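Peer 1: A structural model of the following input is requested.
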Amino acid sequence: MPLYEHVLIARQDLSNAQAEGLIEHFSAVLSDNGGKVVGTEYWGVKTMAYKINKNRKGHYAFFRTDAPSAAVLEMERLARLHDDVMRVLSIKVDAHEDGPSVQMQKRDERGDRDSRDGAPRGDRGDRGGPDRRERR
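Peer 2: Numbers count the residues shown, from 1 in each chain. Predicted coordinates for the structure are as follows:
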């Protein structure tokens, strides 16, 4: 069966127990339609980049599934009809990564990432361009 990753955003005024109840509900929908939920993560309440239905924040949940496309379509259909769910994103992946998702890892576990210009994150002094005084 194909492997999928899903991110679900629920309304901010739900309690944590209600948000985790949504995770269980949609996991059951996938299981009832022949799929298997490999793992779930509750990411908590996060601020969104823009308002959705007058909400600035939302409860984020992450699923890793091994399910047929019919089960995923049914889960997405029910999520669109559910009043508490604002958005659902489903992505087909080749393989599930081991361990927690990037959102759940601590910053130091992710490694010291370099910026786009190759300089380490803390060193922003010289950007490699000409000095402004030299251009005049």
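Peer 1: CA atoms for contacts and neighbours, from now on please.
Peer 2: Noted.
Peer 1: tell me how far residue 55 lies from residue 37.
Peer 2: Residue 55 sits 29 Å away from residue 37 when distances are taken as CA to CA, to the nearest Å.
Peer 1: between these two, point out the one with more neighbours.
Peer 2: residue 37 (18 against 15; other CA atoms under 10 Å).
Peer 1: which phi and psi values does the more buried one adopt?
Peer 2: Note on residue 37: its backbone torsions stand at phi -90, psi 120 [degrees, to the nearest 10].
Peer 1: that one is in contact with residue 26, isn't it?
Peer 2: No: applying CA atoms under 8 Å as the test, residue 37 and residue 26 come out as separate, 9.7 Å apart.
Peer 1: list the residues that contact residue 50.
Peer 2: Applying CA atoms under 8 Å, 6 or more residues apart in numbering to residue 50 gives the contacts residue 56.
Peer 1: quick one: mean pLDDT for the helix or strand hosting it?
Peer 2: Secondary-structure assignment from DSSP states H and E places residue 50 in strand 36-52. The pLDDT scores in strand 36-52 average 90.
Peer 1: give me the sheet partners of that strand and which way each runs.
Peer 2: With DSSP bridges as the test, strand 36-52 is paired with strand 55-66 (antiparallel).
Peer 1: helices or strands up against the helix or strand containing residue 75?
Peer 2: Assessed by DSSP H and E, residue 75 sits inside helix 69-81. Secondary-structure packing of helix 69-81 (3 or more CA pairs under 8 Å, 6 or more residues apart in numbering; DSSP states H and E): helix 16-32, strand 85-93.
Peer 1: between the ones you listed, which gets nearest to residue 68?
Peer 2: helix 16-32 (9.0 Å; CA to CA).
Peer 1: what helices or strands is the closest one leaning on?
Peer 2: strand 36-52, helix 69-81.
Peer 1: any regions of this protein where pLDDT drops low?
Peer 2: Scanning the chain for pLDDT under 70 picks out 106-136.
Peer 1: re earlier: any chance of the helices and strands packed on helix 16-32 in a markdown table, with distance to residue 10 too?
Peer 2: What follows is the helices and strands packed on helix 16-32, written out as a markdown table (distance: least, CA to CA, whole Å):
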| stretch | distance to residue 10 |
| --- | --- |
| strand 36-52 | 9 |
| helix 69-81 | 10 |
